[in-house]
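Engineer: Give the three-dimensional model of this entry:
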Amino acid sequence: MEKVVDAFDPRKIVHMVGLGLTKELMESDIIWACSQCQSCIPVCPQNVRCADVIKALREEAVKAGIVNEEKRKDLGLLAYVDPGKCVACLTCVRVCPFGAPRIIQEGYAFIDPDFCRACGICVKDCPAEAIELRPSLEAAQTQER
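Structural biologist: Here you go, the predicted model:
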């Protein structure tokens, strides 16, 4: 990820945590650039689990209300449904490997932010094109290059 998103540096994030700059990190978009692939873990000479540190920062940012659903949508980390287009066909419910979409009482799909991994499967398979996913930081910077 650090080769695509210039500002992303797991070492810097860990150092900032060590310096007590967690609030600054939680208010920054940079912790959301991590794809959580865990490839940093086996190559770290200090055995620091950077991905776990970043995951914890994200969870704290959500819990503290620093990052809400709208912010996650803007960062391309949460798919969302246009209720006016959704026909409640259940395709998204069937294809999502994480169990994020469900049909709510109002008669359209809702994507649970606790389960959505922004993989885009529901977006591609929705026959009504009712589900959207904005580009992630990685995708946006890749398109710029």
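Engineer: Stretch 67-76: which residues count as buried?
Structural biologist: By 16 or more other Cβ atoms under 10 Å, the buried positions in stretch 67-76 come out as 67, 72-73, 75-76. (C-beta placed from N, C-alpha, C; glycine too.)
Engineer: now do stretch 117-127
Structural biologist: 118, 121-123, 126.
Engineer: thought residue 76 was touching residue 119?
Structural biologist: No - the criterion here is Cβ atoms under 8 Å, and residue 76 misses it with residue 119 at 11.3 Å.
Engineer: check contacts around residue 50.
Structural biologist: Under the criterion of Cβ atoms under 8 Å, 6 or more residues apart in numbering, the contact list for residue 50 reads 10-11, 13-14, 34, 40-41, 44.
Engineer: where's the closest residue to it other than its chain neighbours relative to residue 113, distance?
Structural biologist: Excluding the flanking residues, the one nearest residue 50 by Cβ to Cβ, 6 or more residues apart in numbering is residue 10, at 3.8 Å. Distance from residue 10 to residue 113, counting by Cβ to Cβ, to the nearest Å: 24 Å.
Engineer: residue ranges with poor pLDDT in the chain?
Structural biologist: Scanning the chain with the threshold set as pLDDT under 70 gives 1-4, 138-145.
Engineer: What ranges does it have for its strands?
Structural biologist: Under the criterion DSSP state E, the chain contains strands at 80-81, 101-103, 109-111, 131-132.
Engineer: what's the second one in contact with?
Structural biologist: Right, strand 101-103. 81, 88, 90, 92-93, 109-112, 122, 131.
Engineer: got it, and the third one?
Structural biologist: Taking contacts as Cβ under 8 Å, 6+ apart, the residues outside strand 109-111 that touch it are 78-81, 86, 88, 92-93, 100-104, 122, 130-131.
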